[in-house]
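Chemist: Next comes the sequence, and after it the predicted model I'd like to discuss.
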Amino acid sequence: MVYRRQRRPHWFVSVPTSHGWCKRSTGTSHKPTARAMERMLAELGATGRREWDFLDRVADGSLELAVLYDAWSRDDLGGLRHRIDDVDLTLHIAGWQAWLRDRVGPTSRDRYLAHIATLMPDGKPFYRSGFTGPAVAQWLATRVTLVRKRRPAATGSRRREDPAPVPASGPTKRRYLAAVRSFARYLVEVGVLEANPLRDIQAPRPNAPRCSFLELPDVLRLVEGATGPYPAIFALAYGAGLEISAILSLVETDVDLREHQVRARGTKAWTRDRMALVADWAWLHVERHLRAVLPGERVFRGVHRWAAGDMHRERCRALGLTGYRLHDARHHWAVRMIRAGMPLELVARQLGHRDVVMVARVYGRFVPTTVERHRWERAASTLDREKWPTLGTLGGTAIAGPAAEAARGPSVTPAIPPDYRSSRGGTRTRDPGIMSAVL
C-alpha cells in the first residue's frame, strides 16, 4: 500500500530486498503512478522475478525508484542492467596520469591529458560502452586546429573575425591517437577493459622527415654576424648538432677544453644525455665565449630559448635565407658528418637517437658519398673491360675506355679494392668505405 508522510508531497512504498523490506519515496505526487510502482515491486520481488540486483540498489540509494520504473514500463530492464554495470572512464584519468610517470616525460604527459580532454571533457561522464573504435575514429576525423590568437593592437581596435578552424594535419591526429591508445592500454592493464577497442584504428600517414640544412659557407656567415653569446650558441648547434635546450643547460664543468667536446644533458630521452664533439671551426667561437664564464657557472646564463630563436630568424632574414629554423642546425651537422664518411651509429649517438633507424631514414640519401660512388663506378668499369675486352662501344657510347678515364680525371682512391673479386657479391670486404655505408 502506498502512503504519505506528514508534510511530504510524494508517495512512499515498501521495497522488498534480498535481506528484508525498506521504505522509499516514489518521487511522484501522482497516486496512480505510485500504485503502478507498487505493482512493479510486487512483480520484481520475492513472489515474482526476484530481481534482487535492482531492488538492492534501490535500497542502498544507488538506483532511484523512478529510474527503475521507467525501464520497467518500457520493458528495458536489460538495457538498464547494462547501463548500471557501465563504468565512467573519466574516474580513471588520474590513475592513468600516475601510470604515465614511469613511461613518458612530463611534457608528453601534459600533452596526452590535453588530447584526452577533447574526447572526455571535465565534468561530464564518459562511459565504457561509448569507448569504441568507431566512436574514436569519428572523434579523430573531426579534430581541427586551434585559432591562432592575435596580438592586441597598439592604437585602436582592428578586430576582425577569427578564421574558420581547419582540419588538423596528419601528424597532429597521430598525436591525438597516441594519447587515446595509451589510455586504452592502461584500462586493459587495470582490468577495466577486456580488450583494446582501438587496435583496428589506422593512424594517419606521417609526413616525410624534414631535412632542411644550410651549407657551411652560409652557416659561417650566420654565426659570425651574430652578437653577444649567440655566435657560441649557434656554433654548438651547427658544429655539434645539439638542441637548444641542451645548449642552454650547459655549465662550465660540462665543457672538456682538451678534447673539444661537451656533455649535452638533453631531457627528451635518456639517450639525449651524451658527449658531443664540437667541430674545429665552431670550437673557436665556444672557446672565445668561455673566457668570460666563471668556474661552475652556467655557460649561457640569462639566455632564453625563444630569444635564441628570434636571433636566428633575424640572421636568416638578413642573409636572405628563408624556411630555416634553429633546430635545422642538427641536419647541417649530420649531413656534413655523413658526407665525410662517419658511421651512422656515431651520428645517431651524438644526435641523441636511440638507434640508427631515424638517422638512416632522414639522412640515408647522403650515403654513400660522391667520392665512394665514383670509386665503385671505376671498379665496375675496369671489371667490364676485363670481362668483355672486345666491346669498345655500345650504341655509340664508349664503355669506360681510356678517353672516359681521362675525362673523369685522376683516381682519388684505388680503382679496385684488393678483396673485390673474392667478395662474391656480398659485403665481405674490408674496405672502410663499404663498411661505413653498411653501418
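Modeler: That came in fine, so what should we check first?
Chemist: Run through the bridge partners of Pro16.
Modeler: Note on Pro16: beta-bridge partners Trp21, judged by DSSP bridges.
Chemist: Met120 versus that one, what's the distance?
Modeler: 38 Å (CB to CB, to the nearest Å). Bear in mind the C-beta positions are built from the backbone N, C-alpha and C, glycine included.
Chemist: Could you do Gly266 as well?
Modeler: Gly266 is 33 Å from Met120, by CB to CB.
Chemist: same deal with Arg174?
Modeler: Arg174 is 19 Å from Met120, by CB to CB.
Chemist: Which of these two has more residues huddled nearby?
Modeler: A direct count of neighbours by other CB atoms under 10 Å for Arg174 and Met120 places Met120 higher, at 19 against 16.
Chemist: ok, that one touching Tyr127?
Modeler: No. Using CB atoms under 8 Å as the test, Met120 is too far from Tyr127 to be in contact (10.1 Å).
Chemist: Touching both of the two, which residues are there?
Modeler: In terms of CB atoms under 8 Å, 6 or more residues apart in numbering, Met120 and Tyr127 are both contacted by the residues Leu89.
Chemist: Counting neighbours, what do you get for Glu259?
Modeler: Counted with other CB under 10 Å, Glu259 comes out at 10.
Chemist: Which residues are in contact with the closest residue in space to it that isn't next to it in sequence?
Modeler: Using CB to CB, 6 or more residues apart in numbering and skipping residues adjacent in sequence, the residue nearest Glu259 is Leu277, 7.6 Å away. Leu277 makes contacts with Ala240, Glu259, His260, Gln261, Gln350, as judged by CB under 8 Å, 6+ apart.
Chemist: Secondary structure added to those, as JSON lines?
Modeler: Listed next are the contacts of Leu277 as JSON lines, based on DSSP: H, G, I helix; E, B strand; the rest coil:
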{"residue": "Ala240", "secondary structure": "helix"}
{"residue": "Glu259", "secondary structure": "coil"}
{"residue": "His260", "secondary structure": "coil"}
{"residue": "Gln261", "secondary structure": "strand"}
{"residue": "Gln350", "secondary structure": "helix"}
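Chemist: just these now: which is nearest Thr369?
Modeler: Nearest to Thr369 out of the contacts of Leu277 is Gln350 (CB to CB; 18.4 Å).
Chemist: tell me the secondary structure for the closest residue to the closest one other than its chain neighbours?
Modeler: Computed as CB to CB, 6+ apart, the closest residue to Gln350 that is not its neighbour in sequence is Ala276, at 5.1 Å. At Ala276 the chain is in strand, as set by three-state DSSP.
Chemist: Can you list the low-confidence ranges for the chain?
Modeler: When residues are selected by pLDDT under 70, those of the chain lie in 146-162, 391-439.
Chemist: show me where it has strands.
Modeler: For the chain, the strands defined by DSSP state E occupy 3-4, 11-17, 20-25, 255-256, 261-265, 273-277, 393-394, 397-398.
Chemist: Please provide the alpha-carbon coordinates for whichever helix in the chain runs longest, formatted as CSV.
Modeler: Secondary structure of the chain per DSSP state H: the longest helix is helix 170-189. The C-alpha atoms that make up helix 170-189 are tabulated as CSV, following Å, rounded to 0.1, in the frame of the first residue of the first chain:
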residue,chain,number,x,y,z
GLY,A,170,48.0,14.0,-40.1
PRO,A,171,50.9,14.4,-37.6
THR,A,172,48.6,16.2,-35.2
LYS,A,173,46.0,13.4,-35.4
ARG,A,174,48.7,10.9,-34.8
ARG,A,175,49.5,12.6,-31.5
TYR,A,176,45.8,12.6,-30.5
LEU,A,177,45.6,8.9,-31.4
ALA,A,178,48.8,8.1,-29.4
ALA,A,179,47.2,9.7,-26.3
VAL,A,180,44.0,7.7,-26.6
ARG,A,181,45.9,4.5,-27.3
SER,A,182,47.9,5.0,-24.2
PHE,A,183,44.8,5.4,-22.1
ALA,A,184,43.3,2.3,-23.6
ARG,A,185,46.4,0.3,-22.8
TYR,A,186,46.1,1.4,-19.2
LEU,A,187,42.5,0.4,-19.0
VAL,A,188,43.3,-3.0,-20.3
GLU,A,189,46.1,-3.4,-17.7
